[in-house]
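[1] Predicted structure and sequence below. I'll ask about it afterward.
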Amino acid sequence: MSQFFFAVQLYRINAIPTLILSLGLLGIIGILLTLGRRLDSAMKLERFGIPIALLVGVLGFLIGPYGAFSLLPVRVLNTWMQLPTPLLTLVFATLMLGRPIPKVSGLWKPVASQALLGLLLGFGQYVVGGIIVLAFLLPYLGVDPLMGCIIEVGFEGGHGAAAIMGDSFRRLGFAEGLDLGFAMATVGLLSSTLLGSGLVVIGRFFGWLVPAQQEITNDLINVELEFKPIDQLKSLLLNFAFAGLAVLVGIFLLYFLRLFSIYTGDITREVILAFPVFPLALMGSFLIRFTLEKTGNAELVSSLFQREIGVLATDLLIITAMAGLNLPLLVNYWVPISILAIGGLIWNLAGMLIFSKLFFSEEWFERAIAEFGNSTGVAASGLLLLRLADPRNATNTLPVFSIKQLFLQPLLSGGLITVIAPLFINNFGLKGWTEFCGLISLFLCAVAISLQSKYTKASV
């Protein structure tokens, strides 16, 4: 009997069985998700903007340690909670690999206005969060000033950025930031899918969408549709290798940044040390795609497999994050989370329905709905809503949005600004950060309106 208890204790302290169990369960879920998305019912749900991963995530929460059934072992959940960051990095590693690099000529003005709207929504989320915390949550509920960052972390950055920023929050004495960021990311994902799909229906009813004049094109080439198991397996492994290489490039870039931080000041070093790898994985994705196109080897990359890898990584990220939602903590913080979420949604809807008309002279709805999805439920949601609004790629929104992501991702959504914000608030105060973001927002509006006016006069 004593040997039995010794074996049980050895099992508990050994991380290998836990890791095998955790990754095994996640692998089974991933296979079921990949097959399940082909079912007619799942495809109908996604047409309405409800990803099947969200439903599986709810199920994961129900069987998790804080759910109603508590079937998922805590040690499995603890392993899963380490996965959002690498999964998000994999998502961004596939973002540019599976698409031809758009030609920038003729797109600089749309990209500039798209980037300005994205920056405005991101900085505006800090303004809205700061005002709400300073005017209500801080004096009446006594919350931590760092809650002024939660809207941008959850909405713009999503579950992956919330996982990354959780360590920064913890170091600054705001340990609840991780779970609150996950909660806000879940609200953002739900809102972007439900509200966004509703906006697409409304836009179609009022004629805001650009009418499609071309036939639906199938982006799956004939070779990819042929059932050749060995060739398909080789292609899949090769595409995983390309995605892994993009991640490796991002890791090397981050390593060199941290080497460079030795020669910088304390604040700059702190920012670089907290900087995540996934924006740099996006750069790696672009560099590999650029190299393949220049060497005439772009056919080695399968758009189908890259998209499937990215979608599956996003699905697993959502599931692992939702399974670990800390319900007791969220119950205690439901009032501030609700107020911040409502404020963030109002701001994003204003960007979607008001600012976009000032920023864009054409294809305003498609470009605005993609930015609404990105600013409420990360880039994957933006692409999902764009597919709903522009299923035939009748507009230039997809290349414009892709180029814009390349420049903005290292700043917002878990990038440089996201990393700097809590450090700035901790050192100089929430009021100063809110005022700074407010000035930046006003400046972005002025630049966008000036650019739009100049472009309109030139076209006349």
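    All right, it came through fine.

[2] so how many other residues sit close to Leu439?
    12 (other Cβ atoms under 10 Å). No exception for glycine: its C-beta is placed from N, CA and C like everyone else's.

[3] mind checking the SS state of Gln82?
    coil (DSSP: H, G, I helix; E, B strand; the rest coil).

[4] confidence score at it?
    pLDDT for Gln82: 74.

[5] and if you look at the one 5 residues further on?
    Leu87 is assigned 82 on the pLDDT scale.

[6] next one: Asn396
    The predicted local confidence for Asn396 is 82.

[7] The one 4 residues further on too?
    Looking at Val400, its pLDDT is 85.

[8] Please renumber the chain so that the first residue is 380 from this point on.
    From this message on, residue numbering opens at 380, which makes the last subject Val779.

[9] Quick one: residues contacting the residue lying closest to Leu790 once chain neighbours are set aside.
    Distance criterion Cβ to Cβ, 6 or more residues apart in numbering; nearest residue to Leu790, sequence neighbours excluded, is Ile796 at 5.1 Å. By Cβ atoms under 8 Å, 6 or more residues apart in numbering, the residues touching Ile796 are 501-502, 790.

[10] Including secondary structure and neighbour count, could those go into a markdown table?
    Listed next are the contacts of Ile796 as a markdown table, based on DSSP: H, G, I helix; E, B strand; the rest coil; neighbours: other Cβ atoms under 10 Å:
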| residue | secondary structure | neighbour count |
| --- | --- | --- |
| Gly501 | helix | 28 |
| Phe502 | helix | 23 |
| Leu790 | coil | 19 |
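
[11] Val532: which of those is nearest?
    If you rank the contacts of Ile796 by distance to Val532 using Cβ to Cβ, Gly501 comes first, at 10.8 Å.

[12] Please name the nearest non-neighbouring residue to the closest one.
    Spatial nearest neighbour of Gly501, chain neighbours left out: Leu791 (4.0 Å); criterion: Cβ to Cβ, 6+ apart.

[13] so where's the stretch 430-579 of the chain shaky on pLDDT?
    For the stretch 430-579 of the chain, applying pLDDT under 70 flags the ranges 430, 483-485.

[14] in it, which spans are helices?
    Ranges of helices within the stretch 430-579 of the chain are 431-442, 453-459, 463-474, 487-511, 529-530, 537-550, 556-585, based on DSSP state H, counting those that start in this stretch.

[15] Which of these sits closest to Ile399?
    Taking these one by one with Cβ to Cβ, helix 453-459 is closest: 9.9 Å.

[16] Would you mind measuring from the residue nearest to Leu790 to Gly536?
    Plainly put, Ile796 is 10 Å away from Gly536 if you go by Cβ to Cβ, to the nearest Å.

[17] Tell me the one of the contacts of Ile796 nearest Gly575?
    Of all those, the one with the least separation from Gly575 (Cβ to Cβ) is Gly501, at 17.4 Å.

[18] Spatially central residue for this structure, please.
    Val757 (3.1 Å; Cα atoms, centre = their mean).

[19] In space, what's closest to that one - neighbours in sequence excluded?
    Per Cβ to Cβ, 6+ apart, closest to Val757 is Gly537, 3.6 Å.

[20] OK, contacts around the one you found?
    Residues in contact with Gly537 (Cβ under 8 Å, 6+ apart) are 467, 564, 567-568, 696, 756-757, 792-793.

[21] mind running it again at 7 Å?
    Going by Cβ atoms under 7 Å, 6 or more residues apart in numbering, Gly537 touches 564, 567, 756-757.
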